[in-house]
Every structure is written in structure tokens, then in C-alpha cells.
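Chemist: how does the following fold in three dimensions:
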Amino acid sequence: MQRIIKNGEVVDETWHLLPKDASFNELTNCDDYIVPLALWREHAHALKARDGGLGVWLDSDEEAEEIGEHVADFKVIALNFPAFTDGRSYSNARLLRDRYGYTGELRAIGDVLRDQLFYLQRCGFDAFALRPDKDPVEALQSLQDFSVTYQAAADQPLPLFRRRQ
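Modeler: The predicted structure follows:
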């Protein structure tokens, strides 16, 4: 079983992340699934009618605007990093938190490394599924890499000069 970092703790993964080529017929009624955006587009009504938890994942070339008005339908939104050098999902995270007011679990998936976690958290991520070859217990420490931040971000809406007063 995969272990992920969620809300500052290492926990067992309970959700099923479906691949892009998944079929609606593969789903059971009561399991918790994170479905690809294409499957959500095609079967949104039926997916919402299931008893199990519903999440969606966006690849880095898919935009937050595509689910913006539906964020309340999802318990988890996962954003994929196909390569650690691809930062487009950072922007989607900020849009989901700031523009669309998403308050559920925002998870980083794909090529996620320890060095990214602090910055992912600043953009609004609260869950991280690291690459399978990385240890989440060791990576957990990176959420504390810096003790003070100057800029406003999703995790701290006030810049330092506003917090000092």
C-alpha cells in the first residue's frame, strides 16, 4: 500500500487513482476514486450519483477552469506533475484555492520530490503522493525547510510586513 503525506502526516493511501485510459465500467459503487478529467467530463452525472468518494485529477496541460464551477463535487483534486521540471500545476493549485475557493484536499501526484514540498504547500497543496522510489517519512521534514516567508501565498495570505504589526 502506498503511503502519502497528508496534512503534515504520513498516512496510508485510501483512494484509487485511475489511469487516463480507465473505463467507467471498472468502478464499483462504494470505493473512493480519483478519476481523470476526461472520465469526469464523460460521466459526471453518474460519478456524482455513486456512494463512494469522488475526486478528479488534472494533468499539467489541463486547466483548473475546466472544473472551476464544480469544485464542490470533489473531496480530492489531484494535480499531476509529469516531470519535476513542469510547474504548470503550481498555477492550477493557486487558481483552485484562490479563485474557485476549493477547500478540500489538494494533492500533488506524479514526479513529486522532497525539494518541491515546501513550495507546493505554499501554493495550496495539503497532500503529496511522492514518486514510488522516495520515502515520505524522510520527505515530511521538508515542509519545515524555512521558518519565515516574506510573500503572501495560499498557506499565508498576509506578507511578512503585515504580520509584524
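
Chemist: count of residues packed around V137?
Modeler: V137 has 9 neighbours, counted by other Cβ atoms under 10 Å. Using the backbone N, CA and C atoms, a C-beta is placed for each residue, glycine as well.

Chemist: what's the separation between the residue sitting nearest the centre point of the chain and A152?
Modeler: In the chain, the centroid-proximal residue (Cα atoms, centre = their mean) is R107; its distance is 1.9 Å. The gap separating R107 from A152 is 23 Å, by Cβ to Cβ, to the nearest Å.

Chemist: got it, and H16?
Modeler: For H16 relative to A152 (Cβ to Cβ), the value is 36 Å.

Chemist: equivalent analysis for V56, please.
Modeler: 27 Å.

Chemist: tell me the mean pLDDT over the longest helix along the chain?
Modeler: Criterion DSSP state H: the longest helix present in the chain is helix 37-49. If you average the pLDDT over helix 37-49, you get 95.

Chemist: try stretch 5-25
Modeler: 95.

Chemist: how far is it from where the chain is centred?
Modeler: 10 Å (Cα atoms, centre = their mean, to the nearest Å).

Chemist: give me the contacts around it.
Modeler: Stretch 5-25 is contacted from outside by 1-4, 26-27, 31-36, 38-39, 42-43, 46-47, 53, 55, 57, 59, 76, 78, 105, 107, 109, 117, 126-130, 136-137, 139-140, 143, using Cβ atoms under 8 Å, 6 or more residues apart in numbering.

Chemist: just the buried residues out of the residues you listed, in ChimeraX syntax.
Modeler: The buried residues among the contacts of stretch 5-25 can be selected in ChimeraX (16 or more other Cβ atoms under 10 Å) with this line:
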select :4,27,33,34,35,36,39,43,47,53,55,57,59,76,78,105,107,109,117,126,127,128,129,130,136,139,140
